[in-house]
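In: Build me a model:
(2 chains)
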Amino acid sequence: MISADHSCLTLFNCCRSLTSVKQIHAHLSKIGLDVDPLIAGKLILQCCTAISASLALTYAHRFFGCLKAPNTFMYNTLIRGYSESQSPGCSFELFNQLNRNSGCSGSPPRPDSFSFAFVLKAAANMSSFRAGSQLHCQAFLHGLDAHLFVGTTLISMYAECGRGNSARRVFDEMPQPNVVAWNAMLTACFRCSDLEDARALFERMPFKNSASFNVQISGFMKAGKVESARSVFNSLGLKDDVTWNTMIVGFAQNSYFDEALMYFRDMLHMGIRPTEVSLIGVLSACADAGMLVSTKILHGFVEKSWFLENISVRNALLDAYSKCGDVGMARSVFDHMTVDRNVISWTCMISGLAMYGRVNEAIQLFYEMEESGVQPDRITFISILYACSHAGLIEQGHSYFSKMKDVYGLDPGIEHYGCMVDLYGRAGKLAEAYKFVSQMPIEPTDTIWRTLLGACSIHGNVHLAQRAREKLMVLDPNNSSDRVLLSNIYAVIGQWKDVAAIRNSMSTERMKKDPGWSMIEVDKLAYKFTAGRNYSGFTQEAYEKLGEIMSRLKEGGGYVPEVKSVLHDIEDEEKEGSVALHSEKLAVAFGLKRLHKSKTIHVMKNLRICKDCHEFMKIVSQLYDVDIVVRDRSRFHSFKDGSCSCKDYW
DNA sequence: TTAGGGTTAG
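Out: Numbering: from 1, shown residues only, chains lettered A, B, ... in the order given. This is a model prediction of the structure:
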C-alpha cells in the first residue's frame, strides 16, 4: 500500500453532499488510499455527521463492510449516525457486532465510553427501556457505568423512557456529578412530570449554569406553568439565546401566540442574534394562530437574513403559509428552495395541498418525492392518506397503505389505521370501516372509535354509532363531544327521547362542550367571535353587517337556512338561537365590513364548519365577489365564485 | 477525526 498522505483529510471538510464525498472517494480509491484507517474513518465521519442523510449513512455502512479491520472509532461513528437516523435499531446491531468481536483473540476493537454514549442515545430516541437497561448491564460489565459521560447519558435515556426512579439511582451512585449531570437529573425530573422533585433538586444544586435555568424554564413551559417559567426568566440577569428561544417556543406551545411574537421582537431589540430555533418557534406560533400578516413580515426578515438557505427555517415558513391559508405562497417557498428539500419539506407541502383539497397535486408531489430519492416517512404517509380520505380515493388510499410496509418497510401506526377508518367511513363504506377496525392488529383506541362514530353521524347509521359509543364509554367515558355526536344522530332520525336522555346525562354530570369561536385578522389585530348574542364593541359592527348580508342573500342569492345543520352542529357551537349566529358568519361579515374588497377574507375556526355556514360562504363569495378562506379544525375551505375547494366532500 | 445537560418545524 502507498504510504498515506493525510493532507487529503482536509478535502472531506468541504463536502456537504454525498456526491462530493463519492468523487473524493473514487479518486482516493484509485490510488489505494481509501482503506487507510485515518482516511476511511474521516470518510465515514463525514457521511454520518456532516451529511447524515439516509443515503449517506447507507453508503458509509457499505464502505465500512468492505474494510478488513474497522476500528472502534469507525464503529462509534456509524453507531452515532444511526442513533439519530430513522433507523436507530441499526445502532444496536453495530454495537452488538462490536461487543461480540471484543471477546475474540488478538486485539479486536472493543466498545469504549463513546460507543456506550452513542448507543444509549439510540435507546433514548426509541424510548426503549428494555434495550437501555440491557445496555446499562453491558456498561457495568465493561466497568464503564461509572464513567461520567456514560452515566449522564444513562440518566437521559431513563428519563426519555419515563423511568425517573432508574435515572435517580444512576445519579445517586455517581461519585462526583458535575453540572452537566445535575442538569440531566433536573431534566429527568421535569420529563417524568415530577415538578416538586425538580424544585427540590434545583435548590440542592451545588452549581448552576445557564443551562440549569433553561431546563427549569422549559420544564415549566412543558407542564403548562407559563407564569412560573416567566418568573424564572424575569429573575435572570443574563439571558442567552437559548433562554429566549425557550420562552418563544414555550409560549407557542401554550398558545400564547402574541407573546411568542413579542419576545421574538424583544430578543432582536436586545441585540441577541436569533437562531433557527427562534425562527421555528415564532413561525410555529404564526402557523397555529393563523397569523398571515406576521408570517409575511417574518418571511421578509428571513429573505434578508443569514437564514436564507436554512432548510429548517424554510420548512417552518412553508408550513406557516400553508396553515395561514396561503397555500400559493407555501408552494412558492417550496418551489424556490435553494437547498435540498428534506422529508419534512415534502411532507409539509403534501399535507398543505391535501388540507386544501388539492389532492391531485398532493399525489403528484408524493410521486416526485419518490423520484427525487427522498424517502417518505410515517408522517408523509399520514399526509397522503389524509389526502385520499378527504377526496374519497379509496383504492388509492389502500394502495398507499400497503406501500408503506411493502416498499418502505414502515409498520403502520395507530394514526395510519385511523386514516383508513376515516377513508372508508367518510365515503359511506361503514361496513368496510367496521370490518377494518375489527381486524386491526393493534388495539383500536378511542380516536379510532370516534372516527367511526363521526362517519356514522355523517351517514346516519344509528346501529353502528351505538356500537362505537359503547366502546367509547369504556375508553373515554367523560368525552362530551362523543355524547353530542350520538345525540345528533338520534335527533336527525327523530328519536327525541334518546336525545333528551343524553342531554340529561350530560347536565347531571355537568359536562360542558367546547364553545365554538372564529378569528379574523384585520390590520394586524386578531378579532375573536363566539356564537350567540353578544352586542358589544366590534361584535355590534359584525351583527349589523351580517343582518344586511342575510337580507341580500335571501332576496337575490337563493339562500335558505339549512335547519338540519342546527342538529348536526349542536356539538360544535354554543347553541343560543340559530345557525344565523354562528361565529364564522360573524367573522366573515366583519371582514366584509373592514377589509378592502380586493383582499381575501381569512377566517380561522376552532371546530368544524357546519353545512349551513358552508352554503352561506359559497353564496357570499359569489354575490360579493370576494374570496373567503376558512380554516376549520380539520382542513381549509377556499370559497370562490360560489363554490368551495373541498367540492362539498368533507 | 467521535461524547454527556438547555431551545427545533411536518
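In: in stretch A:35-47, what's buried?
Out: For stretch A:35-47, a neighbour-count test (16 or more other C-beta atoms under 10 Å) marks A:35-36, A:39-47 as buried. Any C-beta I mention is one placed from the backbone N, CA and C, and that applies to glycine too.
In: centroid residue for chain A?
Out: Centroid-nearest residue in chain A, with C-alpha atoms, centre = their mean: A:I379, separated by 8.6 Å.
In: residues in contact with it?
Out: A:T347 (C-beta atoms under 8 Å, 6 or more residues apart in numbering).
In: Adding secondary structure and pLDDT, write the buried residues of stretch A:35-47 out as a markdown table.
Out: Output for those, formatted as a markdown table (DSSP: H, G, I helix; E, B strand; the rest coil; pLDDT from 0 to 100):
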| residue | secondary structure | pLDDT |
| --- | --- | --- |
| A:V35 | coil | 76 |
| A:D36 | coil | 79 |
| A:I39 | helix | 82 |
| A:A40 | helix | 80 |
| A:G41 | helix | 84 |
| A:K42 | helix | 84 |
| A:L43 | helix | 80 |
| A:I44 | helix | 87 |
| A:L45 | helix | 85 |
| A:Q46 | helix | 83 |
| A:C47 | helix | 82 |
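In: Same list (these) but as CSV, adding distance to DNA strand B.
Out: Output for these, formatted as CSV (distance: C-beta to the nearest atom of the strand, whole Å):
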residue, distance to DNA strand B
A:V35, 13
A:D36, 10
A:I39, 8
A:A40, 8
A:G41, 3
A:K42, 4
A:L43, 9
A:I44, 8
A:L45, 5
A:Q46, 9
A:C47, 12
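In: which SS class is the residue nearest to the centre of chain A?
Out: In three-state terms, and counting by DSSP: H, G, I helix; E, B strand; the rest coil, A:I379 is helix.
In: From DNA strand B, how far off is it?
Out: A:I379 is 4 Å from DNA strand B, where distance means C-beta to the nearest atom of the strand, to the nearest Å.
In: So what touches stretch A:246-263?
Out: Counting by C-beta under 8 Å, 6+ apart, A:214, A:217-218, A:220-222, A:224, A:226, A:229-230, A:233, A:244, A:264, A:267, A:277-278, A:280-282, A:284-286, A:288-289, A:291, A:294, A:526 sit against stretch A:246-263.
In: Using neighbour counts, trim those residues to the buried set.
Out: Buried members of the contacts of stretch A:246-263, counted by 16+ other C-beta under 10 Å: A:214, A:217-218, A:220-222, A:226, A:229-230, A:233, A:244, A:264, A:267, A:277-278, A:280-282, A:284-286, A:288-289, A:291, A:294, A:526.
In: Of those, which fall within the contact range of DNA strand B?
Out: Among the buried ones among the contacts of stretch A:246-263, the ones lying near DNA strand B by C-beta under 7 Å from any atom of the strand are A:214, A:218, A:277, A:280-281, A:284.
In: For chain A, which segments are assigned as strands?
Out: A:517-522, A:525-530, A:601-605, A:628-631, A:636-640, A:643-644 (DSSP state E).
In: Turn these into JSON lines, columns for distance to A:Y75 and mean pLDDT.
Out: Below are the strands of chain A laid out as JSON lines (distance: least, C-beta to C-beta, whole Å; pLDDT from 0 to 100):
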{"stretch": "strand A:517-522", "distance to A:Y75": "54", "mean pLDDT": "87"}
{"stretch": "strand A:525-530", "distance to A:Y75": "54", "mean pLDDT": "85"}
{"stretch": "strand A:601-605", "distance to A:Y75": "51", "mean pLDDT": "91"}
{"stretch": "strand A:628-631", "distance to A:Y75": "49", "mean pLDDT": "93"}
{"stretch": "strand A:636-640", "distance to A:Y75": "49", "mean pLDDT": "91"}
{"stretch": "strand A:643-644", "distance to A:Y75": "57", "mean pLDDT": "91"}
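In: Can you tell me which of the ones you listed is most buried?
Out: strand A:601-605 (a mean of 26; mean count of other C-beta atoms under 10 Å).
In: just checking, what packs against that one?
Out: Under the contact definition 3 or more C-beta pairs under 8 Å, 6 or more residues apart in numbering; DSSP states H and E, strand A:601-605 sits against strand A:517-522, helix A:583-594, strand A:628-631.
In: And these: which comes nearest DNA strand B?
Out: Closest of these to DNA strand B is strand A:628-631, at 13.6 Å (criterion: C-beta to the nearest atom of the strand).
In: Give me the neighbour count for A:C8.
Out: Applying other C-beta atoms under 10 Å, we find 18 other residues in the vicinity of A:C8.
In: Can you get me a residue count around A:P561?
Out: 16.
In: Save the helices and strands packed on strand A:601-605 as CSV, and put in distance to DNA strand B too.
Out: Formatted as CSV, the helices and strands packed on strand A:601-605 follow (distance: least, C-beta to the nearest atom of the strand, whole Å):
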stretch, distance to DNA strand B
strand A:517-522, 18
helix A:583-594, 23
strand A:628-631, 14
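In: How is chain A partitioned into domains?
Out: A:430-508, A:517-644 (automatic domain parsing).
In: Could you single out the most deeply buried of those?
Out: Of the domains of chain A, domain A:517-644 is the most buried (mean count of other C-beta under 10 Å), at a mean of 19.
In: for chain A, where's the lowest mean pLDDT among helices and strands?
Out: helix A:564-568 (a mean of 50; mean pLDDT, DSSP states H and E).
In: and stretch A:536-543, what's its mean pLDDT?
Out: The average of the pLDDT scores along stretch A:536-543 is 85.
In: Next one: A:V343 from A:L410, what distance?
Out: For A:V343, the distance to A:L410 equals 12 Å [C-beta to C-beta, to the nearest Å].
In: cool, and A:I442?
Out: 14 Å.
In: Which residues of the stretch 51-200 of chain A lie near DNA strand B?
Out: A:71-73, A:76-77, A:80, A:112-114, A:117-118, A:121, A:147-150, A:152-153, A:156, A:178-181, A:183-184, A:187.
In: which parts of the stretch 351-500 of chain A sit against DNA strand B?
Out: So the stretch 351-500 of chain A meets DNA strand B at A:351, A:377, A:379-380, A:383 (C-beta under 7 Å from any atom of the strand).
In: Just the buried ones from those residues?
Out: Buried among these (16+ other C-beta under 10 Å): A:351, A:377, A:380, A:383.
In: Was I right to think A:R633 contacts A:C610?
Out: No - A:R633 lies out of contact with A:C610 (C-beta atoms under 8 Å); the separation is 11.8 Å.
In: just to revisit the earlier point, which single one of the ones next to DNA strand B among the buried ones among the contacts of stretch A:246-263 is nearest to A:F436?
Out: A:S284 (33.6 Å; C-beta to C-beta).
In: Confirm for me that that closest one is in contact with A:A316.
Out: Yes - counting by C-beta under 8 Å, A:S284 does reach A:A316; the two are 6.5 Å apart.
In: follow-up on the earlier one: so of the contacts of stretch A:246-263, which ones are in helices?
Out: When DSSP state H is applied, the contacts of stretch A:246-263 are split such that A:214, A:217-218, A:220-222, A:226, A:229-230, A:233, A:244, A:264, A:267, A:277-278, A:280-282, A:284-286, A:288-289, A:294 fall in helices.
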